[in-house]
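Engineer: Fold the following.
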Amino acid sequence: MAGSISLVVLGVAELWGARPSQLSDRRHLPAILALLLLSVAYVWSISVVGYLLSTAVAAPLALVIFGVRNPIGLCAAAVLCPALYHGVFFVALGVFPPWAAGSICLT
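Structural biologist: Numbers count the residues shown, from 1 in each chain. As a prediction, the model looks like this:
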């Protein structure tokens, strides 16, 4: 938490200290805001429904934000992203998965 706050403070200090430049292109701001909201909802949903279901929903939504519209690719992301992340982090690296609030750990 302290690291996040310090990064925000440093970013604001850099922004205030920056000299005025040309008007920046703001067409990507809605996608950035949508990705920020998706990340907050993703972290919240992990505690409610668990990691696998949250990732299966969030991965295709992130791809839609980045412009992917192929239904096969979105469906593949919904299945492959949770499976690959689970295999890498929880099986290969031995990290314990985050459980939902009402789930029972059977391992």
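
Engineer: residue closest to the middle of this protein?
Structural biologist: In the chain, the C-alpha closest to the average C-alpha coordinate belongs to Ser39, at a distance of 4.0 Å (C-alpha atoms, centre = their mean).

Engineer: quick one: the strands in the protein?
Structural biologist: All residues of the chain lie outside strands when identified by DSSP state E.

Engineer: in it, what secondary structure element scores lowest on mean pLDDT?
Structural biologist: The helix or strand with the lowest mean pLDDT-type score in the chain, counting by mean pLDDT, DSSP states H and E, is helix 2-17 (a mean of 82).

Engineer: How far does it sit from its chain's centre?
Structural biologist: Averaged C-alpha coordinates place helix 2-17 at 21 Å from its chain's average position (C-alpha atoms, centre = their mean, to the nearest Å).

Engineer: How about stretch 55-74?
Structural biologist: Centroid separation for stretch 55-74 versus its chain: 12 Å, with C-alpha atoms, centre = their mean.

Engineer: Buried ones in it, by neighbour count?
Structural biologist: Thr55, Ala56, Val57, Ala58, Ala59, Pro60, Leu61, Ala62, Leu63, Ile65 (16 or more other C-beta atoms under 10 Å). (Glycine included, C-beta is placed from N, CA and C.)

Engineer: now swap in stretch 78-93 and tell me
Structural biologist: Under the neighbour-count rule (16+ other C-beta under 10 Å), stretch 78-93 has Ala78, Cys81, Pro82 buried.

Engineer: which residues touch it?
Structural biologist: Contacts with stretch 78-93, where a contact means C-beta atoms under 8 Å, 6 or more residues apart in numbering, come from Tyr51, Leu52, Leu53, Thr55, Ala56, Val57, Ala59, Pro60, Val95, Phe96, Pro97.
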